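Asker: Whatever this is, show me its structure:
(4 chains)
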Protein chains: 2
Amino acid sequence: MMKAIEIPKSLIEETIARIREAILSGELPLGSKLSEQRLADMLGVSRSPVAQALAILKTEGLVEIYPKRGSYVYLPDARDVSEMCEYRSILETAALTLSLERQKAGLLSSLRGAMQAMETALQAKDLKAYSQHDMAFHLAFLAHCENRRLEAAYARTISSVIGVRTHVFLSGSSHSERSMAEHRQIFAACEAGKAVDACRLLKAHIHRLDEDFGASLGGADSIG
Amino acid sequence: MMKAIEIPKSLIEETIARIREAILSGELPLGSKLSEQRLADMLGVSRSPVAQALAILKTEGLVEIYPKRGSYVYLPDARDVSEMCEYRSILETAALTLSLERQKAGLLSSLRGAMQAMETALQAKDLKAYSQHDMAFHLAFLAHCENRRLEAAYARTISSVIGVRTHVFLSGSSHSERSMAEHRQIFAACEAGKAVDACRLLKAHIHRLDEDFGASLGGADSIG
DNA sequence: CGCGGTAATGTAACATGTTACATGGCAGTT
DNA sequence: AACTGCCATGTAACATGTTACATTACCGCG
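Answerer: Alright, predicted model coming up:
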């Protein structure tokens, strides 16, 4: 049987993905200037798809646009990060509660898989892999909550969190062992069906980024 | 003292606002086809700003884009509306809780103002005004929660809710008196500082749209 | 030395031209 | 009548040209 030929994504989608990736990986540092023309040249496309991509990334909070002057990678201050974490924890605890009600078995199975991968990565000291599976752990709540709007909203907001986390990682203010322990606790609460406890733990866990970001500001004035 | 001259908004912003308004008012019915060219002609602009506007409206969930084929006003089914309401109630109850913690006095004052305006509009049987002040009531929670991300997320999501509500209004399945009573209850709970009760009432109130939408589907097959 | 004006440059906003894709109808074949 | 492929049309994706705005540096003048 022949396989369907793969339809190439639109240039805009591709451009969005590339720029987002560059920001999340730290290749385009927080606060750095983005010229449509330069980005277009780098990616080998014209300015149109770049302009549209930046407009979309703005709605994700990853890019700030100053009309006629230029665009910049977002540069959160402590308050921004704080609000970001609070918002994220609102979405994620809601998703946790719903998925525990609606797809508990599937949720636990996904969480278990992510946790095992995290343990492995931690022992191998592979921080990148750890980070990916950490993300998978959190995405599991969204994948099983049976609300596509909530899932989409989370996807839209999580990018900027990852961007901050990359920055924190690069500045060396992260604590993987504690993080791992917290994930284990959250999982245990979910398994026991204690939604309220799980939410409390999850909220505290998410707000840890706040502290780490503060530490990264104090430790090294790497931003700006 | 001279007043600052007003800077004309960008065409894109203006285009977004116009198209959004047309959808929310029912001028462009749910599910109807949108041609970039026709919209550009109607608004007297070129296709570029229209294309960008549609891309943004897509992220708000107001428009669906099928590559190379055309764009359409969103056409939610019962499940979509259900998820929309659930998502909205997640954001709004979170905002209620936060604003009660952080700016209780300001919140109560805004709520009171909105409620009085609603009463007046109800007595005058001015449904349009009622609807606007109803919206102001709900926005008060967001305005006082001190989390700009949450506020922005709400702004992005509320459009599609309004679009559905317009449809419900037009099909005559709305119940303003009951709505008014619910707002009074929510306000009372807030005033008493009973956040949990207020959230429960608010959630039920928001999900009322669900029922009304169902009724509008059954009563008249006006969609599609 | 400070100030006002101006010119140069970078930038995106916007318009428009070109291309490729999706669709529907129609004709030709059986 | 049914099926097949072609063509006409509508559509947006993308590229590029043009314009207007914002910022900066500089220069001449007080």
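Asker: Only C-alpha atoms from now on, for both contacts and neighbour counts.
Answerer: Will do.
Asker: can you list the residues of chain A near DNA strand C?
Answerer: Residues of chain A lying close to DNA strand C (Cα under 7 Å from any atom of the strand) are A:34-37, A:48, A:51, A:65-71.
Asker: List the ones among those that fall in helices.
Answerer: Secondary structure from DSSP state H places A:36-37, A:48, A:51 of these in helices.
Asker: Buried only: go through those for me.
Answerer: Of the members of those, the ones counted as buried by neighbours, 16 or more other Cα atoms under 10 Å in any protein chain shown, are A:36, A:51.
Asker: circling back to that earlier point, give me the subset of the residues of chain A next to DNA strand C that also touch DNA strand D.
Answerer: Near DNA strand D, by the rule Cα under 7 Å from any atom of the strand, you find A:48, A:67-69 out of the residues of chain A next to DNA strand C.
Asker: Same list, these, but as JSON lines with pLDDT please.
Answerer: Converted to JSON lines, these look like this (pLDDT from 0 to 100):
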{"residue": "A:48", "pLDDT": "93"}
{"residue": "A:67", "pLDDT": "89"}
{"residue": "A:68", "pLDDT": "89"}
{"residue": "A:69", "pLDDT": "91"}
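Asker: Where neighbours are concerned, which of those has the most?
Answerer: Within these, neighbour counts (other Cα atoms under 10 Å in any protein chain shown) peak at residue A:48, which reaches 15 neighbours.
Asker: check contacts around that one.
Answerer: Listed by Cα atoms under 8 Å, 6 or more residues apart in numbering or on different chains, the contact set of residue A:48 is empty.
Asker: ranges for the helices of chain A?
Answerer: For chain A, helices defined by DSSP H occupy the ranges A:11-25, A:36-43, A:47-59, A:78-102, A:104-123, A:127-143, A:148-170, A:176-191, A:195-219.
Asker: Identify whichever of those helices lies nearest to residue B:114.
Answerer: helix A:78-102 (25.9 Å; Cα to Cα).
Asker: State the pair within the ones next to DNA strand D among the residues of chain A next to DNA strand C that is farthest apart.
Answerer: Most distant of these, by Cα to Cα, are A:48 and A:69, 16.7 Å apart.
Asker: Quick one: mean pLDDT for stretch A:204-212?
Answerer: Across stretch A:204-212, the average pLDDT comes to 93.
Asker: Over to stretch A:106-116?
Answerer: Stretch A:106-116 comes out at a mean pLDDT of 98.
Asker: Pull out the buried residues from that stretch.
Answerer: Using 16+ other Cα under 10 Å as the test for burial, stretch A:106-116 gives A:106-108, A:110-111, A:114-115.
Asker: quick one, domains of chain A?
Answerer: Domain assignment for chain A by automatic domain parsing gives A:11-73, A:78-219.
Asker: Relative to the whole chain's centre, how far out is the shortest one?
Answerer: So that's domain A:11-73. Computed by Cα atoms, centre = their mean, to the nearest Å, the separation of domain A:11-73 from the middle of its chain amounts to 17 Å.
Asker: Contact partners for residue A:140?
Answerer: Counting by Cα under 8 Å, 6+ apart, residue A:140 has contacts A:107, A:110-111.
Asker: For chain A, what lies in contact range of chain B?
Answerer: A:52, A:55-56, A:59, A:83-84, A:87, A:90-91, A:94, A:147-150, A:153 (Cα under 8 Å from any Cα of the partner chain).
Asker: okay, among these, which ones form the most distant pair?
Answerer: Most distant of the residues of chain A next to chain B, by Cα to Cα, are A:52 and A:94, 31.7 Å apart.
Asker: Low-confidence ranges, chain A, go.
Answerer: A:1, A:218-224 (pLDDT under 70).
Asker: Repeat the analysis, applying 80 as the threshold.
Answerer: Regions of chain A meeting the criterion pLDDT under 80 cover residues A:1-8, A:172-174, A:217-224.
Asker: Run through who's touching stretch A:203-219.
Answerer: Contacts for stretch A:203-219 (Cα under 8 Å, 6+ apart): A:78, A:81-82, A:85-86, A:88-89, A:93, A:164-165, A:168, A:171-174, A:179, A:182, A:223.
Asker: now with 6 Å?
Answerer: A:82, A:85, A:89, A:168, A:171, A:173 (Cα atoms under 6 Å, 6 or more residues apart in numbering or on different chains).
Asker: neighbour-wise, which of these leads?
Answerer: Result: residue A:85 is most packed of those (other Cα under 10 Å), 24 neighbours.
Asker: interface residues of chain A facing DNA strand D?
Answerer: Proximity of chain A to DNA strand D (Cα under 7 Å from any atom of the strand) is limited to residues A:9-12, A:44-49, A:67-69.
Asker: if we go to 10 Å?
Answerer: A:8-15, A:36-37, A:40-41, A:43-53, A:66-70 (Cα under 10 Å from any atom of the strand).
Asker: Report the buried members of those residues.
Answerer: A:12, A:14-15, A:36, A:40, A:47, A:49-53.
Asker: Out of those residues, which two sit at the greatest distance?
Answerer: A:14 and A:36 (15.1 Å).
Asker: Near residue A:19, how many residues? Count them for me, please.
Answerer: Neighbour number of residue A:19 under other Cα under 10 Å is 23.
Asker: Contact partners for residue A:130?
Answerer: Residue A:130 touches A:118, A:121, counting by Cα under 6 Å, 6+ apart.
Asker: and the nearest residue to residue A:196 once chain neighbours are set aside, how many neighbours?
Answerer: Excluding the flanking residues, the one nearest residue A:196 by Cα to Cα, 6 or more residues apart in numbering or on different chains is residue A:97, at 8.0 Å. Residue A:97: 20 surrounding residues under other Cα under 10 Å.
Asker: likewise residue A:142?
Answerer: With other Cα under 10 Å as criterion, residue A:142 counts 28.
Asker: Next up, the contacts around it.
Answerer: Applying Cα under 6 Å, 6+ apart, the residues near residue A:142 are A:95, A:151.
Asker: if I look at it, how far off is DNA strand C?
Answerer: Plainly put, residue A:142 is 31 Å away from DNA strand C if you go by Cα to the nearest atom of the strand, to the nearest Å.
Asker: how close does that residue sit to residue A:106?
Answerer: Residue A:142 sits 12 Å away from residue A:106, taking Cα to Cα, to the nearest Å as the criterion.
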